[in-house]
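Enquirer: Have a look at this fold, sequence not included:
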């Protein structure tokens, strides 16, 4: 589950926020399997989609994270969940997207890391209303 500014998000919803206001993020990983899972790393990466196949991830002048954009998840037991909180601060108006990825964080494996990518979250930063 992904919440942006307290609202549940999926790929069909555009969340609107104001430039200069911190936007709270919450990502909840629920383990529906019969076995414990982990360790994982959760990474959130903002980008702009230019609608021509190009994604701009170089947004350090437009967006900043309040806190970290990567979280370590040790183990999630069956039927339990793990919730992570952060915030984004938009410095300019525009349409932005947030890639949220979980990947195995176990360096003792000989296989390549496996990734679980959630649908991108669409956030529209607008001018604050005076």
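Expert: Looks like it came in fine. Bear in mind that the values here come from a model prediction, so they are computed numbers and not experimental data.
Enquirer: who touches the residue lying closest to residue 18 once chain neighbours are set aside in this structure?
Expert: In space, and not counting its chain neighbours, residue 18 is closest to residue 128: 4.3 Å by C-beta to C-beta, 6 or more residues apart in numbering. Using the backbone N, CA and C atoms, a C-beta is placed for each residue, glycine as well. Shown in contact with residue 128 (C-beta atoms under 8 Å, 6 or more residues apart in numbering): 18-21.
Enquirer: Just give the number of residues close to the closest residue in space to residue 2 that isn't next to it in sequence.
Expert: The shortest distance from residue 2 to any non-neighbouring residue, by C-beta to C-beta, 6+ apart, is to residue 9 (4.7 Å). If you count neighbours by other C-beta atoms under 10 Å, residue 9 ends up with 23.
Enquirer: For residue 15, see how far away residue 9 is.
Expert: Using C-beta to C-beta, to the nearest Å, residue 9 is found at 6 Å from residue 15.
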